[in-house]
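*Asks:* Provided below for reference: sequence and predicted model.
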Amino acid sequence: MKKYVELYWAFFRASFIADMEFRANFLTRILTDIFWYVAQVGSFEVFYQFTPKIGDWGRAETRVFLGILFVVDAIYMVMFNENLDQLPEKVRRGQLDLLLAKPVNSQFMLSLQKANTAILGNFILGASWLVWALLQRPDFSWWRTLWLLVLIPCGVCIFYCVRFLFATTSVMFTKAENIQYLWYQIYRLGMRPDSIYVPWMRVLILSIVPVGIIASVPARFLLEAPNYPMLLWAIFLAGFALFLSSRFWLYALGKYSSASS
Amino acid sequence: MLIEFTLWFAIFRGVHQLSIGGYAREYYLSYVLWAAFVARITSSWMYEFKMIEEVDSGSINGLLVRPMTFYEYYLSQLLGYKLITSVLSLIFPITVAYLWHLPTDFSRLPLALLLVTYFLILVHTISYCVTGVAFFINKVHSLTVAKNLGLWLLSGELFPLDLLPPFWRHILLNLPFSSAVYVPVGFVTGRVGISDVLQGFYSVTLGIVFFALLGNLLWTKGMRDYTGTGA
């Protein structure tokens, strides 16, 4: 475990140095995500001009939901996004072979080799938005934020695992761009509060395609009385998703035909 | 699109009214349907990445010696690709609008698509500017992402721009970017009239002129600094 922590720290430092070489790119990445935040917040602010509630939640609750979404998204983007986005390209160019030859867990290496340190600025922005949204609720008990210590890692884990399952298909099919597009559409389901969905879709996003765990469930623990079965379910799903992603990776590698040989 | 439909259903459940901003739920569903289709036409990811790659990798040398400019070469590729994919994918919104009886004025479709096609020239001209930046800065791909997200925000793909407060509505409707989605889709779904479409053509023309001048400036300076090597 210690070896992997040290290895990740080395990856992180190397990524930060590399990112700072391209400062314009570094700044544009931050700007890009600000556009994305403005789009998400702006949409709901416009909708709430016309309605007091969307699903179960009013404007204040949805702001908290968006804060959680921004934080989880930023953590995922810093740690995993660039690595998983580049997986199809690595398969095509034969770079995956080099990774497989390293004396470390190949899934770890593939998923965490490059950290996108430019997004750290977005993490700060997202966290600031969340704190501001919570400050707007005078009756909010700050002890509830302790739930996030469990639920945000669960959300990030599920986010990563579902994305990883989609990215891994490129190892088997080589050209799998449309499957990656499908991933983004599924992720978009989690970018809306779960209460807007009809019951069967709600069950779907909290179980089979658990993108509802990413932000909706943590937001509910901040805003409502704790639902302990849901907490256990989120922890179980995160662990199961990690197990499944590992098994699927090994299965996909069994089907892999090296591009460089 | 299914997600956006669900969202609008939830909004109308919460509002307890038959209309928002003077339009019933079906108008919003129709807007979402056509916005998803039109936005896919007016966004340019693949060709802009290719254009940047030509400059980054130096493969632009092969294009510079051809008897057409870089701008024309990629414009013809973009328009050709969009024409084929758009005609084929047009079947989907037409079928859904027809089967679900969503408010759509099919007689307005040709003019709306003409505006969309004209907007593509503006999109390509902006791509030309972004590619020009690649002469001076390495790794400008994030500019493409920022540009497309900016267009996504300003075009009206997220929601009809007439729902915005008056100040923001006035600004966004006068920018050429509203002609990417809001104006053509609003025209087809009955939210905007012919005068807004003509205003759209006018503002897109101004946008093309502005970005063409900027692009020429960047390319003139870029070509002066650029050194093409290789056999």
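*Replies:* Yes, it's here. Numbers count the residues shown, from 1 in each chain, chains lettered A, B, ... in the order given.
*Asks:* Give me the packing partners of the one helix or strand A:Gly155 maps to, helices and strands only.
*Replies:* Assigning secondary structure by DSSP states H and E places A:Gly155 in helix A:148-173. For helix A:148-173, the elements it packs on are helix A:59-76, helix A:82-85, helix A:87-93, helix A:106-112, helix A:177-190, helix A:212-223, helix A:228-255, judged by 3 or more CB pairs under 8 Å, 6 or more residues apart in numbering or on different chains; DSSP states H and E. C-beta here means a position set from N, CA and C on the backbone, and glycine is covered the same way.
*Asks:* where do the strands sit along chain B?
*Replies:* Along chain B, counting by DSSP state E, strands occupy B:19-20, B:23-24.
*Asks:* for the record, mean pLDDT for the last one?
*Replies:* By that I understand strand B:23-24. Strand B:23-24 comes out with an average pLDDT of 85.
*Asks:* Quick check: A:Thr145 touching A:Leu222?
*Replies:* Yes. With contacts defined as CB atoms under 8 Å, A:Thr145 counts as touching A:Leu222 at a distance of 7.0 Å.
*Asks:* which one of these two has more residues nearby?
*Replies:* A:Leu222 (24 against 16; other CB atoms under 10 Å in any protein chain shown).
*Asks:* Look up phi and psi at A:Trp57.
*Replies:* phi -110, psi 140 (degrees, to the nearest 10).
*Asks:* Determine the number of other residues adjacent to the closest residue in space to it that isn't next to it in sequence.
*Replies:* Nearest residue to A:Trp57, sequence neighbours excluded (CB to CB, 6 or more residues apart in numbering or on different chains): A:Pro193, at 5.5 Å. Here the number of neighbours of A:Pro193 (other CB under 10 Å) works out to 25.
*Asks:* which residues sit in contact with the spatially most central residue of chain B?
*Replies:* The residue lying closest to the centre of chain B (CA atoms, centre = their mean) is B:Thr42, at 3.0 Å. Shown in contact with B:Thr42 (CB atoms under 8 Å, 6 or more residues apart in numbering or on different chains): B:116, B:119-120, B:123, B:151, B:155, B:180-181.
*Asks:* if we can go back for a sec, ok, so what distance separates the residue nearest to A:Trp57 from A:Phe26?
*Replies:* Here the criterion is CB to CB, to the nearest Å. By it, A:Pro193 lies 32 Å from A:Phe26.
*Asks:* And for A:Pro88?
*Replies:* From A:Pro88 to A:Phe26 the distance is 24 Å (CB to CB).
*Asks:* joint contacts of A:Thr145 and A:Leu222?
*Replies:* A:Leu134.
*Asks:* tally of neighbours for the residue lying closest to B:Asp196 once chain neighbours are set aside?
*Replies:* Closest residue in space to B:Asp196, ignoring its immediate chain neighbours: B:Val183 at 5.6 Å, by CB to CB, 6+ apart. If you count neighbours by other CB under 10 Å, B:Val183 ends up with 31.
*Asks:* And for A:Lys102?
*Replies:* Neighbourhood size, A:Lys102 [other CB under 10 Å]: 13.
*Asks:* dump the residue contacts of the residue of the stretch 101-250 of chain A found nearest chain B.
*Replies:* Nearest residue of the stretch 101-250 of chain A to chain B: A:Ile196, at 3.8 Å (CB to the nearest CB). By CB under 8 Å, 6+ apart, the residues touching A:Ile196 are A:54-55, B:6-7, B:9-10.
*Asks:* for B:Lys147, same thing?
*Replies:* B:48, B:126, B:130.
*Asks:* gap between the first one and chain A?
*Replies:* Going back to what we said before, that points to B:Glu48. 14 Å (CB to the nearest CB, to the nearest Å).
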